[in-house]
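In: just the structure for this:
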Amino acid sequence: MARTAEGTPGAPHVLIVGGGYVGMYTALRLQKKLRRELKRGDVRITVVDPNSYMTYQPFLPEAAAGNVSPRHVVTPLRRALKRCTVRNARVTELNHAERWAIVQPLAGPPERISYDYLVMAAGSVSRTLPIPGLAEYGIGFKTIGEAIHLRNHVLAQLEIAESTDEEEVRRKALTFVFVGGGFAGVEALAELEDMARGAVKYMRKVTREDLRFVLIEAADRILPEVGPEMGRWTAEQLRGRGIDVKLKTYLRSAVGGNIECSDGSSFAAGTLVWTAGVKASPVVRNSDLPLNERGQVKATEYLTVEGVVRAFTAGDNAAVPDLTQEGMYCAPNAQHAVRQAKVLADNLVRSLRGKTLKPYVHNSVGSVAGLGLYKGVANTYGFKVKGFPAWVMHRTYHVSRVPTLNRKVRVLADWTLAMFFKRETVSLGSIEQPRAEFELAAMGDVQPRQQSQDDKARENAA
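Out: Residues are numbered from 1 along each chain as shown. Prediction:
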């Protein structure tokens with residue numbers, strides 16, 4: 001049976017569903033704006049998220065490639081949100097009409113939380129398609145766990161190829177397929193290809209020419225965020241590195257690791273990374289909030305939920321009108337999410353104090369993307385930049401956006417050390433099954449122990 005969370009009687013309770021970009025930045029802003037009220041207990045803020053940290057996703061490719069420590073691209077929620085209550089739990093049901101939510105903690109029974117104001121910031125999950133073999137064989141690229149797994153997996157594939165003379169096994173292990181030509185797919189592909197080329201320098205059997213990286217994109221160009229010209233330039237750069245860029249192509253099947261494409265090509269691959277889009281978190285479907293045809297929460301320009309009082313939303317799970325482009329909606333990216341969180345928090349404070357809300361208006365400053373060490377592409381304020389200058393712009397922009405000074409310093413330290421020392425290319429795949437070695441050792445002790453017991457029984461019988 002669900003239990004009701006207790007709270008200070010009469011104090012407005014703000015429930016924030018999600019601890020990602022919008023959730024954490026909104027809570028940070030509310031801490032600042034409502035500092036006195038929180039200290040007196042006149043307002044309460046609860047953040048609910050299955051994870052105890054916020055992930056700065058633009059750095060996932062660099063974390064996967066080993067340029068940045070994975071721990072440095074996540075921010076502990078409890079450390080950053082000292083004046084908020086952080087619950088590691090998953091919202092399973094939400095009834096805004098009656099102002100309650102059911103949350104399932106990591107352990108124990110579900111609990112019922114009552115609230116007065118809601119911030120729906122659950123974010124997004126990978127959007128998959130019913131492609132045979134994808135669910136069993138594919139790897140996502142949305143979380144820090146997936147980034148770490150992908151790094152270990154790619155390096156393990158190189159080790160497999162180095163340790164066998166079977167040509168088919170080697171060819172499959174050295175074939176890496178990425179589906180999706182947006183930021184996540186292109187940056188992950190470029191960074192990991194760069195890492196793999198560095199790793200094979202220390203191998204005897206595997207050479208750079210043996211590596212096969214394939215990018216599959218359904219549209220006629222990649223990186224649409226940087227514009228057609230820069231997208232074409234990026235595709236040319238990737239092809240110049242020996243990467244097979246397949247445009248206007250779909251993945252048809254991945255059963256057993258055999259990749260079948262709509263262009264008729266078919267080949268075996270040891271790695272399949274899926275980055276072909278996102279969809280709103282399933283949490284929003286378990287609520288009574290109004291949704292559009294894409295499953296996103298309907299939002300107004302004030303970042304309130306359409307037709308609902310005391311409910312706010314922003315980020316990937318929300319359809320926020322873009323006031324700079326008539327009839328369009330804000331893109332689901334970090335640039336919008338961070339700025340939306342600021343306006344959302346300010347509007348929530350205005351609502352608490354009975355003031356008029358302000359609309360969210362933001363002209364995009366452009367986009368930057370990293371393509372491996374010292375390589376990048378950027379289109380900011382109409383200026384198109386390529387190569388090393390774009391790479392510097394990419395790193396400068398994102399380190400300025402990483403939350404907390406602690407994380408900024410740690411990321412900068414990682415980059416500084418990388419200037420003097422070579423990147424580590426060791427696969428630690430065993431950390432994903434930490435008990436395997438112990439279980440194997442324990443299984444080896446079963447037979448001797450049983451024999452000893454049998455011998456003792458015979459002695460007693462004699």
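
In: right, and the helix or strand after the top strand by length along the chain?
Out: Counting residues, the longest strand found in the chain (DSSP state E) is strand 85-95. Following strand 85-95 in sequence order, the next helix or strand is strand 100-105 (DSSP states H and E).

In: other residues contacting that next one?
Out: 2, 15, 17, 48, 87-95, 110-115 (Cβ atoms under 8 Å, 6 or more residues apart in numbering). In short, each C-beta sits where N, CA and C put it, glycine included.

In: if we go to 10 Å?
Out: Outside strand 100-105, the residues that touch it by Cβ atoms under 10 Å, 6 or more residues apart in numbering are 2, 4-5, 15, 17, 46, 48, 50, 87-95, 110-115, 118, 283, 286-287.

In: whichever of those end up buried, select them in ChimeraX.
Out: In ChimeraX, a selection of the buried entries from those looks like this (16 or more other Cβ atoms under 10 Å):
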select :5,15,17,46,48,87,88,89,90,91,93,94,110,111,113,115,118,283,287
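
In: re the thing from before, dump the longest strand of the chain to CSV, keeping only the CA atoms.
Out: Presented in CSV, the C-alpha positions along strand 85-95 are these (Å, rounded to 0.1, in the frame of the first residue of the first chain):
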residue,chain,number,x,y,z
THR,A,85,14.6,17.0,-0.9
VAL,A,86,16.0,14.6,-3.5
ARG,A,87,14.2,11.3,-3.9
ASN,A,88,15.8,8.5,-5.9
ALA,A,89,12.6,7.0,-7.2
ARG,A,90,10.5,6.7,-10.3
VAL,A,91,7.1,8.4,-10.7
THR,A,92,4.7,5.6,-11.8
GLU,A,93,1.5,7.6,-11.7
LEU,A,94,0.5,11.3,-11.4
ASN,A,95,-2.9,12.9,-10.9
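
In: how far out from the middle of the chain is that strand?
Out: 20 Å (Cα atoms, centre = their mean, to the nearest Å).

In: tell me the mean pLDDT for it?
Out: The average pLDDT for strand 85-95 rounds to 95.

In: run through the neighbouring helices and strands of that strand.
Out: strand 13-17, strand 44-49, helix 77-80, strand 100-105, strand 111-114, strand 117-120 (3 or more Cβ pairs under 10 Å, 6 or more residues apart in numbering; DSSP states H and E).

In: for residue 70, see how far away residue 441 is.
Out: 29 Å (Cβ to Cβ, to the nearest Å).

In: revised request: answer the last question for residue 109.
Out: 32 Å.

In: still on that earlier bit, out of residue 441 and residue 70, which sits in the busier spot?
Out: Between residue 441 and residue 70, counted using other Cβ atoms under 10 Å, the more crowded position is residue 70 (18 against 9).

In: isn't that one up against residue 60?
Out: Yes - shown here, residue 70 and residue 60 form a contact pair, counting by Cβ atoms under 10 Å, at 8.9 Å.

In: shared neighbours of these two, anything?
Out: 144, 147-148.

In: most neighbours among those, please name it.
Out: residue 147 (27 neighbours).

In: can you mark which positions in the one helix or strand that residue maps to are buried?
Out: If you go by DSSP H and E, residue 147 is part of helix 144-162. Buried residues in helix 144-162, counted by 16+ other Cβ under 10 Å: 144, 146-162.

In: stretch 378-398 too?
Out: 378-380, 385-386, 390-391, 393-395, 397-398.

In: where's the dip in pLDDT among those?
Out: Within these, pLDDT is lowest for residue 380, at 82.

In: ok, now which ones touch that residue?
Out: Contacts of residue 380 by Cβ under 10 Å, 6+ apart are 226, 364-368, 390, 393, 397.

In: and it, backbone torsions?
Out: Backbone torsions of residue 380, given as degrees, to the nearest 10, read phi -120, psi 130.

In: state the distance from it to residue 156.
Out: 38 Å.

In: so where's this protein shaky on pLDDT?
Out: For the chain, residues meeting the criterion pLDDT under 70 lie at 1-9, 429-431, 445-462.

In: in contact with the closest residue to residue 80 other than its chain neighbours, which residues?
Out: Distance criterion Cβ to Cβ, 6 or more residues apart in numbering; nearest residue to residue 80, sequence neighbours excluded, is residue 404 at 6.0 Å. By Cβ under 10 Å, 6+ apart, the contact list for residue 404 reads 24, 28, 54, 75-76, 79-80, 410.

In: would TSV of those with distance to residue 236 be doable?
Out: Output for the contacts of residue 404, formatted as TSV (distance: Cβ to Cβ, whole Å):
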residue	distance to residue 236
24	38
28	41
54	36
75	37
76	42
79	44
80	41
410	35
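
In: tell me the one of these nearest residue 124?
Out: residue 54 (14.4 Å; Cβ to Cβ).

In: report the beta-bridge partner residues of that closest one.
Out: residue 75 (DSSP bridges).

In: from residue 106, how far off is it?
Out: 17 Å.

In: what's the answer for residue 258, then?
Out: 38 Å.

In: residue 299 now?
Out: Where residue 106 is concerned, residue 299 sits at a distance of 30 Å (Cβ to Cβ).

In: residue 51 too?
Out: Residue 51 is 10 Å from residue 106, by Cβ to Cβ.

In: so those two - more neighbours on which side?
Out: residue 51 (16 against 10).

In: residues in contact with that one?
Out: 18-20, 74, 76-77, 88, 143-145.

In: wait, which of the residues you listed is closest to residue 99?
Out: Among the contacts of residue 51, and counting by Cβ to Cβ, the member closest to residue 99 is residue 18, at 17.8 Å.

In: which strand or helix spans the residue positioned nearest the centre of the chain?
Out: By Cα atoms, centre = their mean, the chain has its centre lying nearest to residue 142, at 2.7 Å. For residue 142, there is no enclosing helix or strand under DSSP H and E.

In: that one is in contact with residue 150, isn't it?
Out: No - assessed by Cβ under 10 Å, residue 142 is found out of contact with residue 150, at 11.2 Å.

In: joint contacts of those two?
Out: residue 60.

In: which stretch of helix or strand covers residue 272?
Out: strand 271-274.

In: what helices or strands is that strand leaning on?
Out: Partner elements for strand 271-274 (3+ Cβ pairs under 10 Å, 6+ apart): helix 134-137, helix 144-162, strand 175-179, helix 183-199, strand 212-216.
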